[in-house]
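Asks: Could you look at this predicted model? Sequence included:
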Amino acid sequence: MKKEETQALLQKGEDAWNTWALEVLQQKETLEQAGQWQTDWFGEGQNDETREWLAETKADFTDTEFAADADFTNFVFPGPALFEGAHFLGKATFTGVHFVHFARFKGTRFDGETSFKQTKCYHLADFDECVFSSATEFEKAEFRRDSTGPLVHAARFHKAEFSAKADFRGASFTGNAEFVRTLFSANARFDEAEFAAEANFEDAVFDGTAGLVKTRFLGAAKFNEAHFRGEARIGEATFHKAASFESVQFDDKVFFRFAQLHGDATFRGARFVSEFRFSDAKLGGTIIFQDAQFEDVADFHNVNFTKPADFRDVRFKNDARFEKAIFAEAAAFPGAIFRGAAAFIDTVFEGHVNFMQAFFNAAASFRHAVFKGPAIFTAIQCRAAFVLAGSSFEQVPSFHESSFREPPHLDHMTITDPLRFSHTWDGEGEKDPRPRALRGMKVCSSAEFAPRYRRLRQLAASTQDFDRAREYFAQEIRCRRFWLDRPIGKGRAKFWLGWAYGGMSDFGRSLLRPALAWAANILVFTLVYLSQRNTYYFSSAPGPIQGSAPIFPVWPDDPGFWSVLQWISGFLWWLVLSFFNLFAGGGCIAGEGGASAEAFFLSLKNSLFFLGWENPDASRRVYSCLYGFETQGTEHLLRIPLSVSTAAIVENLIGATLIALFLLGLFNLLRAR
C-alpha cells in the first residue's frame, strides 16, 4: 500500500486492519503452497508474485509525524512495516503487535512513552538510530527471527538512544541482536531476557543502572569497549558461549555474583572503578583479565576456575580477595600489581601457578592455600607481610630473586617429598640421571629443586624458623644427588657423606637414629672382640676354663664349597651363641667372670670415647679374661691383639660420630622449641 492507503486503513481501526491482514496472509499461504513464494535473507521478493504481494501489504509510515498518541495495540502487520524517519510526539503503543515481515524504525523519534510489550517480530526488527526520549518498554517482547549470519539480525538497535528507562525484561531474541553504540541514558533492564544467538553490545553506553540479572546468553555475548557509568548488575546471568568484555569501563559497582560463564570469557584491558563482585561465579571456560585495572575491591571469593585463568599485568589498586577460590588449571599472575591486600586464604591451585614479577604493596596471605602443581614466585616484590603459614605444596615452589621487606611467614608450611623411586620425565632432554646400578635409590624429578630449597632455607633462616631451615637444607642435599653430586665422579664426596648423614641422623634432626646406631655399634664390636679369641689363647691358660663362651670358627686351610659352607654354618652358630652368652658367666682365660660380659664392657668403654679406664685393674681384668697373658722372661704381660687395638680405634671414631650426631639432634630439638 501507498502511504495514503495505509493511513486510510489505519483510520478504520483495529478490526478492519486485522481483517485485511488475515486475508492477505491467506493469500501468502496460497503462494507458499504453490511454490511461488520466494524471498532472500533480507526479506526482498525474488519473483513477480512475491514482489507484488509485498507491495500490496506494505504498511508505509515513512517520515510520518504522529502528533497525537498512536495506538497500535494488537495490530498485525502482514507485510513490511515501514516507520523510518517517523516522529511520535505523544505516546506510541505497540503492545501485542505482530510484525510478520520486517519492521523498520530506523531514525524514528519517540518523544512520549513507548511500549512494545509482548510484541512479536517474526522478521528483522530494525531500530537503528532511533531516539526514545521517554520511558520505553520492550518487556517480554519476542524477536523470533532465526538468524545467525553476520549481516542478518533478529533485532538491530545500532546507535539508538534511550533517554529514559529502557525495559527489556523477559524479552527473547531468537536470532542475532545488536545494540552497538547504543546509548542508555537511564536505567536499562534486561533481567531474565534470553539471547538465543549473538548479543552484541559493543561500544554501548549505560549511564544508569544496567540490569542483566538472570539474563541468558545462549550465543556469544559481546560488550567490548562498552561503558557502564551506573551499576552493572549481572548476577545470576548465564553465558553459554564466549563472553567478551574487552576494554570495558565500569564506573560504578559491578555484580557478577552467582553468574555462570560456561564458555571462554575475556575482560582484557577492562577498567573497574568501583567494587567488583565476582564471588560464587561458576566458570566453564578460560577467563582472561590481562591488563585489567581494579581501582576498588575485587572479590573473587569462592569462584571455581575450571579452565586456565589469566591475570597477567592486572592492577589491583585495592584489596583483591580470592578466598576459597579453586583454580582447576593454570593460574597466571605474572606482572600483576597488588596495591591493597591480596587474600588467597584457603585457595586451591590444582594446576600451574605463576606469580613471576608480581608486586605486593600490602599484606599478601596464602594461609592454608593448597598448591597441587608447580608454583612460581620468581622475582616477586613484597613490601608488607607475605604469609604462607599452613600452606601446602605438592612441588617445591620457586622464590628465586624474590624480594621481601620483612621475612615471609612459613609456619607449618609443608612441601611433599620430591624424591621418588620413579618419575615421568616430561621435560625436553630430561632423563633419569641415576646409573642403572643405583635405580633403587630415590631421586628428584628436576635439577631445579635443589636451588629452590636453598632459597627457601635462606627465607626460613631470616625468620629464625630453624625447624623449616633444617628441613629445606636436608631436601637441598637430597635433591642434589645424581643431578649435581654424582656417586662416581664430580661431587662424589658430597653424595656419599650426605647419604650417610641423612641415613644416620636425618640431617641432624633425629635423636632416635644415632641412639639406635650407637647401641648397635656396641653390640657389633662386642662380637668383634669375642671373635678375636682363638684356641692358642685358651691353651696357654693357667688353669681350666669355666663356662662355654663360643670360639670364633677358623677359616679352612683348603677352602672349598663344602668347607666354606661348613665355616658359614659355624659362623652363624657362633653368632647365635654369642648373643645368648653376652651376659653369661664363665669363658674367661684368666680370672673369674664372664667373657661375653667383659667384651660388652670393653665395647661400651670404647664407644664412650671420652671416658678412660677408672684404674689399671679394670683394664687388667678385661683383657686377661678375654685374651689371657703372654710370658716374656719372668714377666706375665696382658695379651692385647693388634686387631683388638685397631677395632677399638675404629669404635672410638664411630662412637664419637654417633654421640656428636645425637647431641646435634638434641641441640636442634631444643633450639626449635
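Replies: Done, it's in. Bear in mind that the values here come from a model prediction, so they are computed numbers and not experimental data.
Asks: State whether residue 208 and residue 188 are indeed in contact, as I suppose.
Replies: Yes: taking contacts as C-beta atoms under 8 Å, residue 208 lies within contact range of residue 188: 6.6 Å. No exception for glycine: its C-beta is placed from N, CA and C like everyone else's.
Asks: overlap in contacts of these two?
Replies: Counting by C-beta atoms under 8 Å, 6 or more residues apart in numbering, the contacts common to residue 208 and residue 188 are residue 165.
Asks: what about these two, which has more around it?
Replies: Using other C-beta atoms under 10 Å, the more surrounded residue of residue 208 and residue 188 is residue 188, with 27 against 20.
Asks: so what's the more buried one up against?
Replies: Residues counted as contacts of residue 188 (C-beta under 8 Å, 6+ apart) are 162, 165, 166, 168, 206, 208, 209, 210, 211.
Asks: how near is the residue lying closest to it once chain neighbours are set aside to residue 160?
Replies: Leaving aside its chain neighbours, residue 188 sits nearest to residue 166 (4.6 Å; criterion: C-beta to C-beta, 6 or more residues apart in numbering). Using C-beta to C-beta, to the nearest Å, one gets 9 Å for the distance from residue 166 to residue 160.
Asks: These two: who's more crowded?
Replies: Using other C-beta under 10 Å as the criterion, residue 166 and residue 160 rank with residue 166 on top: 29 against 26.
Asks: So what sits opposite the more buried one in the bridge?
Replies: residue 136, residue 188 (DSSP bridges).
Asks: I figured it hits residue 183, correct?
Replies: No: using C-beta under 8 Å, residue 166 is not in contact with residue 183; the gap is 9.9 Å.
Asks: And the helices in the stretch 51-200 of the chain?
Replies: Under the criterion DSSP state H, counting those that start in this stretch, the stretch 51-200 of the chain contains no helices.
Asks: got it, and the chain?
Replies: 3-11, 14-33, 48-57, 449-462, 466-480, 492-505, 512-531, 535-539, 561-580, 595-607, 616-627, 642-672 (DSSP state H).
Asks: so of those, which one's packed in deepest?
Replies: Highest mean neighbour count among the helices of the chain (mean count of other C-beta atoms under 10 Å): helix 595-607, with a mean of 23.
Asks: Give me the packing partners of it, helices and strands only.
Replies: helix 512-531, helix 616-627, helix 642-672 (3 or more C-beta pairs under 8 Å, 6 or more residues apart in numbering; DSSP states H and E).
Asks: angle of the second one against helix 642-672?
Replies: Per axes from the mean of the first three to the mean of the last three C-alpha atoms, to 10 degrees, the angle that helix 616-627 makes with helix 642-672 is 120 degrees.
Asks: Out of the contacts of residue 188, which is nearest to residue 142?
Replies: Using C-beta to C-beta, residue 168 comes nearest to residue 142 of the contacts of residue 188, at 11.4 Å.
Asks: picking that back up, now tabulate the helices of the chain in CSV and tack on distance to residue 74.
Replies: Output for those, formatted as CSV (distance: least, C-beta to C-beta, whole Å):
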stretch, distance to residue 74
helix 3-11, 14
helix 14-33, 6
helix 48-57, 18
helix 449-462, 74
helix 466-480, 78
helix 492-505, 88
helix 512-531, 92
helix 535-539, 127
helix 561-580, 108
helix 595-607, 108
helix 616-627, 121
helix 642-672, 85
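Asks: which stretch in these is the model least sure about?
Replies: Of all the helices of the chain, the minimum mean pLDDT falls on helix 535-539 (a mean of 70).
Asks: Pretty sure residue 93 sits against residue 118.
Replies: No: with contact defined as C-beta under 8 Å, residue 93 does not reach residue 118; the gap is 11.5 Å.
Asks: what about those two, which has more around it?
Replies: residue 93 (22 against 19).
Asks: From residue 114, how far off is the more buried one?
Replies: For residue 93, the distance to residue 114 - C-beta to C-beta - is 8 Å.
Asks: sorry, back to before: between residue 166 and residue 160, which contacts overlap?
Replies: Counting by C-beta under 8 Å, 6+ apart, the residues touching both residue 166 and residue 160 are residue 132.
Asks: which of the contacts of residue 188 lies closest to residue 507?
Replies: residue 210 (61.2 Å).
Asks: wait, that closest one sits on residue 227?
Replies: No: the criterion here is C-beta under 8 Å, and residue 210 misses it with residue 227 at 10.2 Å.
Asks: Now do the end-to-end distance for stretch 397-417.
Replies: End-to-end distance of stretch 397-417: 12 Å, with C-alpha to C-alpha, to the nearest Å as the criterion.
Asks: Need the contact partners of that stretch.
Replies: By C-beta under 8 Å, 6+ apart, stretch 397-417 touches 371, 374-396, 448, 451-452, 455-456, 459-460, 462-463, 465, 468, 475.
Asks: Which residues are in contact with residue 245?
Replies: Contacts of residue 245 (C-beta under 8 Å, 6+ apart): 223, 224, 226, 265, 266, 267, 270.
Asks: now with 6 Å?
Replies: Residue 245 makes contacts with 223, 267, 270, as judged by C-beta atoms under 6 Å, 6 or more residues apart in numbering.
Asks: tell me which of the residues you listed is nearest to residue 134?
Replies: Once C-beta to C-beta is applied, the member of the contacts of residue 245 that ends up nearest residue 134 is residue 223, at 25.9 Å.
Asks: Show me the beta-bridge partners of the residue nearest in space to the middle of the chain.
Replies: Centre of the chain computed as the mean C-alpha position; nearest residue by C-alpha atoms, centre = their mean is residue 349, 2.0 Å away. In this entry, residue 349 is beta-bridged to residue 327, residue 371, by DSSP bridges.
Asks: wouldn't it be in contact with residue 327 here?
Replies: Yes: counting by C-beta atoms under 6 Å, residue 349 touches residue 327, with 4.9 Å between them.
Asks: out of the helices of the chain, nearest to residue 73?
Replies: Nearest to residue 73, of the helices of the chain and by C-beta to C-beta, is helix 14-33 at 7.3 Å.
Asks: Okay, angle between that closest one and helix 48-57 too, please.
Replies: Using the same axes, to 10 degrees: helix 14-33 against helix 48-57 is 170 degrees.
Asks: Use 2 as the first number for this chain going forward.
Replies: With 2 as the first residue, the last one maps to helix 15-34.
Asks: are any of the contacts of stretch 398-418 buried, and which?
Replies: 372, 375-381, 383-389, 391-392, 394-397, 449, 452-453, 456-457, 460-461, 464, 466, 469, 476 (16 or more other C-beta atoms under 10 Å).
Asks: How about residue 473, nearest residue that isn't a chain neighbour?
Replies: residue 458 (3.9 Å).
Asks: Now do the same contact list for the one you found.
Replies: 470, 473, 474.
Asks: could you redo the last one with a cut-off of 8 Å?
Replies: 470, 473, 474, 477.
Asks: ok, so of the residues you listed, who is nearest residue 314?
Replies: residue 473 (31.4 Å).
Asks: hang on, the closest one packs against residue 461?
Replies: Yes: between residue 473 and residue 461 there is a contact under C-beta under 8 Å: 6.0 Å.
Asks: right, so of the helices of the chain, which gets closest to residue 111?
Replies: helix 4-12 (17.7 Å).
Asks: what's the angle from the closest one to helix 15-34?
Replies: Using the same axes, to 10 degrees: helix 4-12 against helix 15-34 is 120 degrees.
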